[in-house]
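Undergrad: next comes the sequence, and after it the predicted model I'd like to discuss.
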Amino acid sequence: MFKGDKKQKKQTSGITLVALVVTIVVLLILAGITITLIFSDSGIINKVREAAEKTKNSIANDQSDMTNLANQIENLVGGGKKPDTSTKLADVKGTPVTETTEVTDDDGDKMWVPKDFTVTEGDKIDEGVVVKDPKGNEFVWVPVDNIYTMVYCQAHSTATNNIEYDDAGKKLVCTSCKTEEKTTNFAGKLYENSGTFSASKESWTFSSSGYREPDKLSSYDDNDANFNSVKDGNYENFKAQLQDEFNKMAASVWKYKGFYIGRYETSGLESGTPIVKPNQPPTTATDGTNWYTMYTNSKNLGSSEVTSSMIWGCQWDQVMLWMQGVENPTVPGAKYITNSSGMGWYYGEKGIDDVDNSNNLTGVDLKKEIEGKQVVTNRVKNIYDLAGNMYEWTLEAYNTGFRVGRGGGYYDSGSDYPAIDRSNYGPDVSNYNLLSSRVALYVK
Ligand SMILES: [Zn+2]
């Protein structure tokens, strides 16, 4: 038993040794195959490398496609009238543009140049860029980045996120009015000068007894005879007409983010077509020319590309907001819009001191001396005489019988009657040579 066992054991050891050698040989063969599989050109490591590269490329391609798609959507949705936003302001300067074009200055600010208009002066939009129409009238672009500083829905006046542009109707709508299936009537936001002008302070909401727009004056505008000097016909819908004109202006300012203001006080209104050129005597409320004449004739600078109008009060105030940081170099610590001394034609300044007090309502010689003479000290952001010289009638209404003049006149002082100032006059006044007007344009 014992021997047998021993023999058996020996036999077992021998078999194990052979098996070990065979196993090692087999392992070596397998290892060779495995190494080939892993490290050869078509091996696993290279396959993994290729897969990683392909994944990376595929992600990059996806990102690129997404970016292209986003750009296309942006062009379709937010591109405005013409989708080309790459035109540089400097590239169009001096030559009329062949189509209404958005241009960008070196700061990245943007403005629209109407077809056939020429950029003539200014390199930075925020400092005032001047354009000329085909007849040589001059205008300056006023940027309006936030429409809520300028207009509000009369029915939902406090909301600041309720206005949207209806592309199909080319109009603005209030989203609350839309829900209630009402037509939106917009109104102008008007800012007061209380000596401490603040951009956040809109002082007046829509009320027939206060400053507001758009609105008719029940003491005058209900009487068709007051329109006879400018137009035959029935003005019973004058309020609706003004509302329509206001809504169209607001929609354009929203869409194009700005509007144009005449660079000078307006001439030529007494006889028909406005003239907005240097060194012209401004039209005054004399010889039968009244607010109705100026309102009607201010429309005569329009074209297929732009609408012209007497300026609205809220447009004047947008100019004031734009200029609120401008300092008055002649009065330490003062700002131009609230103290315009030395920055306009005012009594007692720049040699304007020979005024016959009793005569200032009917044609004082002084006016003839200063009219149409523009000096650079009266120019702010490339716009002349917003302060001083003539009061400038606007479309803003006050109480039942007044239209609002802005900016002070040559018979005033610049500290009491600065650029932001308001004065109220009956629209039939036609014997007051301190009153002129200012036109504005908006892109259609
Ligand atoms: Zn509303």
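TA: In hand now; what should we look at?
Undergrad: what count of nearby residues applies to the closest residue to the ion within the stretch 1-150 of the chain?
TA: Closest to the ion within the stretch 1-150 of the chain is residue 148: 13.0 Å, counting by C-beta to the ion. In this view, the C-beta of every residue, glycine as well, is placed from N, C-alpha and C. When neighbours are defined as other C-beta atoms under 10 Å, residue 148 has 12 of them.
Undergrad: what's the answer for residue 293, then?
TA: The local packing of residue 293 (other C-beta under 10 Å) involves 23 other residues.
Undergrad: looks like it contacts residue 270 (just checking).
TA: Yes: between residue 293 and residue 270 there is a contact under C-beta atoms under 8 Å: 6.8 Å.
Undergrad: just to revisit the earlier point, quick one: the residue of the stretch 1-150 of the chain closest to the ion is in a helix?
TA: Yes: under DSSP: H, G, I helix; E, B strand; the rest coil, residue 148 sits within a helix.
Undergrad: just the terminal-to-terminal distance for stretch 225-245.
TA: Start to finish, the residues bounding stretch 225-245 are 22 Å apart (C-alpha to C-alpha, to the nearest Å).
Undergrad: near the ion, which residues of the stretch 101-250 of the chain?
TA: 153, 155, 156, 174, 176, 177 (C-beta under 5 Å from the ion).
Undergrad: hang on, the earlier thing: how much space separates the closest residue to the residue of the stretch 1-150 of the chain closest to the ion other than its chain neighbours from the ion?
TA: Of all residues not flanking residue 148 in the chain, residue 160 sits nearest, at 4.6 Å (C-beta to C-beta, 6 or more residues apart in numbering). Residue 160 is 12 Å from the ion, where distance means C-beta to the ion, to the nearest Å.
Undergrad: burial measure for residue 160, as a count.
TA: Using other C-beta under 10 Å, residue 160 has 10 other residues around it.
Undergrad: which strand is the longest one in the protein?
TA: strand 391-398 (DSSP state E).
Undergrad: give me the sheet partners of that strand and which way each runs.
TA: In the sheet, strand 391-398 lines up against strand 211-212 (antiparallel), strand 402-406 (antiparallel), strand 435-437 (parallel) (DSSP bridges).
Undergrad: restrict it to CA atoms and write it as PDB.
TA: Provided in PDB are the C-alpha atoms of strand 391-398 (Å, rounded to 0.1, in the frame of the first residue of the first chain):
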ATOM      1  CA  TYR A 391     -38.900 128.500 -27.100                       C
ATOM      2  CA  GLU A 392     -39.600 125.400 -29.200                       C
ATOM      3  CA  TRP A 393     -43.100 124.200 -29.500                       C
ATOM      4  CA  THR A 394     -43.800 120.500 -29.100                       C
ATOM      5  CA  LEU A 395     -46.800 118.200 -29.400                       C
ATOM      6  CA  GLU A 396     -47.100 118.000 -25.600                       C
ATOM      7  CA  ALA A 397     -50.400 119.200 -24.200                       C
ATOM      8  CA  TYR A 398     -51.100 121.100 -21.000                       C
END
